[in-house]
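Peer 1: This is a predicted model, with the sequence first.
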Amino acid sequence: MEAPQSLTDLPTRVWDDDEWKRIKLGYAARGMDEKWDVLVEGQVAYLHRSWTGFAVFEVTFSSVKGGWRISEALVESAQSRQRRGSHRYARVLLELVLSNVVLGEPAIDLRDEMVALLTSKPGNAEVPTAAIEQSVIGLRSYS
């Protein structure tokens, strides 16, 4: 990361042991239409944009009752490497990549929240939902 910043708004989800095992396997984009690569070493997940290889998130998981929770996260804040939004947007994007891309869950609520955050910006209100999802999440965004 060029300009790592602590993420102050962390996801509250607890991933169960089976989900954590799947997250630890990581994810490699299989083509041009997929946007994310995820690598896990120990209890740290590294989320990179697949085309550029730029690191966007560095996430530390901790064991808690019932599974695993994100205890720390860094997000890239350099505008030249990552379109930067609010900490809320970063939280939604982080959880969406883990849930939708890595685990293959529909994550409809997270997708809706991401789209709402992005379409509330000036000039984005008319952008189709599918275009937003494809540009940010990639092919795996479709249910």
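Peer 2: Arrived safely, thanks for sending.
Peer 1: how many other residues sit next to residue 40?
Peer 2: The tally of other residues near residue 40 (other C-beta atoms under 10 Å) stands at 18. C-beta: built from backbone N, CA, C; applies to glycine.
Peer 1: Kindly report the same for residue 66.
Peer 2: 10.
Peer 1: give the contact list for the closest residue to it other than its chain neighbours.
Peer 2: Among residues not flanking residue 66 along the chain, residue 14 sits closest, at 5.1 Å (C-beta to C-beta, 6 or more residues apart in numbering). By C-beta atoms under 8 Å, 6 or more residues apart in numbering, the residues touching residue 14 are 64, 66-69.
Peer 1: from these, which would you call buried?
Peer 2: 68-69 (16 or more other C-beta atoms under 10 Å).
Peer 1: list the contacts for residue 23?
Peer 2: Applying C-beta under 8 Å, 6+ apart to residue 23 gives the contacts 15, 38, 40, 45, 61, 68, 98, 102-103.
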